[in-house]
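Undergrad: Show me the folded form of this:
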Amino acid sequence: MVEKPEYRALIQPVTGLSEAAQRELLARFNPAETYVCRTAEDFESFIKHLRPPRVVAVAYAGLLGEQRGNKLDRVDNMAGTKAAIHRRSSYVVEAGGRDSRKAWAAMRKDGCEMCRRLAQGRRSALNGRKGAEPYEFTDAQLMRFALEMAKRYPPKKEKTDLSPDDRRLAKIAAYCKQIKKETPKRTWLKTKLPALMRERNLG
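TA: Here you go, the predicted model:
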């Protein structure tokens, strides 16, 4: 019988991704323990506590290694931490659902970009505007977007009427204002949302 995973959250506060923001992203896993790592000693201590069925939950793979030094140092730390976690018969899951057993190549690529940005002193660890990052939305929020996009509205009759697409966007914008998150653009809703729904097995 396979044991149910017990999540251990690994948090590393960096520019543009505070401890509070990372805790919010990882709340969906209901982690049994949360470790805030800032130094090499913190990461070593964290890894020593890993044993099956404990699984590492991290907001983004780029936060797996100590963010100190140049890009190559940071990338090496990230890959080294992942390898150490796997040696403990554990694995890594990102807030967006990607799993290091199956999707490490993609996770590493995005992690390298985060390491590059942080090494260059960028104001944000994430590439692009905040709303463009799909993993900021919870499963429930994605479902809300998908349901709204699937609604059928009658075509507009007058020039002043909103088109069906504009009505959907207006409803989504109002919802995003309510949850205090930036509204995704029309293109993201039509192209990336369906792909992300499939990735998370949401229908």
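Undergrad: where does residue 56 land in three-state SS?
TA: Secondary structure for residue 56, judged by DSSP: H, G, I helix; E, B strand; the rest coil, is strand.
Undergrad: beta partners of the nearest residue to residue 10 once chain neighbours are set aside?
TA: Of all residues not flanking residue 10 in the chain, residue 58 sits nearest, at 4.7 Å (Cβ to Cβ, 6 or more residues apart in numbering). C-beta coordinates here come from the backbone N, C-alpha and C atoms, glycine included. Beta-bridge pairing of residue 58, defined through DSSP bridges, involves residue 10, residue 94.
Undergrad: For residue 114, see how far away residue 58 is.
TA: Distance of residue 58 to residue 114, given as Cβ to Cβ, to the nearest Å: 11 Å.
Undergrad: same thing with residue 124?
TA: Counting by Cβ to Cβ, the separation of residue 124 from residue 114 is 10 Å.
Undergrad: Mind checking which of those two has more residues around it?
TA: residue 114 (26 against 16; other Cβ atoms under 10 Å).
Undergrad: residues in contact with that one?
TA: Residues in contact with residue 114 (Cβ atoms under 8 Å, 6 or more residues apart in numbering) are 60, 61, 62, 63, 125, 126, 127.
Undergrad: for the fourth one, what are its contacts?
TA: With contact set as Cβ under 8 Å, 6+ apart, residue 63 has these partners: 10, 11, 12, 14, 17, 22, 114, 125.
Undergrad: The fifth one too?
TA: For residue 125, the residues meeting the contact criterion (Cβ under 8 Å, 6+ apart) are 14, 15, 16, 17, 60, 62, 63, 114, 117, 118.
Undergrad: now the farthest one out in the protein, which residue is it?
TA: Farthest-out residue of the chain from its mean C-alpha position, per Cα atoms, centre = their mean: residue 158, at 41.9 Å.
Undergrad: Check which helix or strand that one maps to.
TA: Using DSSP states H and E, residue 158 falls within no helix or strand.
Undergrad: go on, residue 85?
TA: According to DSSP H and E, residue 85 maps onto helix 71-87.
Undergrad: just residue 20 next, same as before
TA: For residue 20, the element it lies in under DSSP H and E is helix 19-26.
Undergrad: Quick check: next helix or strand after that helix?
TA: strand 33-36.
Undergrad: Buried residues, that following strand. List them.
TA: Residues of strand 33-36 classed as buried: residue 35 (neighbour count, 16 or more other Cβ atoms under 10 Å).
Undergrad: Put the alpha carbons of it into PDB.
TA: Below are the C-alpha coordinates for strand 33-36, written out as PDB (Å, rounded to 0.1, in the frame of the first residue of the first chain):
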ATOM      1  CA  GLU A  33       5.900  21.500   8.600                       C
ATOM      2  CA  THR A  34       7.300  24.600   7.000                       C
ATOM      3  CA  TYR A  35      11.000  25.300   6.800                       C
ATOM      4  CA  VAL A  36      12.400  28.800   6.000                       C
END
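Undergrad: Any chance you could list what contacts that strand?
TA: Residues contacting strand 33-36 (Cβ under 8 Å, 6+ apart): 8-13, 19, 23, 26, 42, 45-46, 49.
Undergrad: Just among those residues, which is most surrounded?
TA: Neighbour counts for these, by other Cβ under 10 Å, peak at residue 10, which reaches 26 neighbours.
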